[in-house]
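Student: missing the sequence, but the structure's below:
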């Protein structure tokens, strides 16, 4: 029982410490502005990512690569 209480107290102390540290570093800006990176941008998906012949239909192919009937 003592280990459980110690674990709960440690989790609370770590959470309060992390909250204090991140709040001190944030400059009163929202977290999405503070911790954003160029890798998190999704506004430009690039070129045709599925190929020019893609119709959206699922096609089952045989072992020879031909569409199965």
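Tutor: The structure has been received and is ready for your questions. These figures come from a predicted structure and were not determined experimentally.

Student: how about the helix or strand hosting residue 14: buried residues?
Tutor: Residue 14 belongs to helix 2-25 when assigned by DSSP states H and E. Neighbour-count burial for helix 2-25, counted by 16 or more other Cβ atoms under 10 Å, picks out no residue. Quick note: C-beta positions are derived from backbone N, CA and C, even for glycine.

Student: Name the surrounding residues that touch it.
Tutor: residue 34 (Cβ atoms under 8 Å, 6 or more residues apart in numbering).

Student: any idea of the mean pLDDT for that helix?
Tutor: Averaged over helix 2-25, pLDDT sits at 91.

Student: next SSE after it?
Tutor: For helix 2-25, the following helix or strand on the C-terminal side (DSSP H and E) is helix 31-34.

Student: what's the spacing between residue 63 and residue 6?
Tutor: Here residue 63 is placed at a distance of 61 Å from residue 6 (Cβ to Cβ, to the nearest Å).

Student: my bad, should have said residue 22
Tutor: 25 Å.

Student: How many neighbouring residues does residue 28 have?
Tutor: For residue 28, the neighbour count with other Cβ atoms under 10 Å is 6.

Student: hang on, I meant residue 35
Tutor: For residue 35, the count of nearby residues is 12 (other Cβ under 10 Å).

Student: From residue 50, how far off is it?
Tutor: 31 Å.

Student: again, but for residue 31
Tutor: Distance from residue 31 to residue 50, by Cβ to Cβ: 33 Å.

Student: three-state assignment of residue 64?
Tutor: When classified by DSSP: H, G, I helix; E, B strand; the rest coil, residue 64 comes out as coil.
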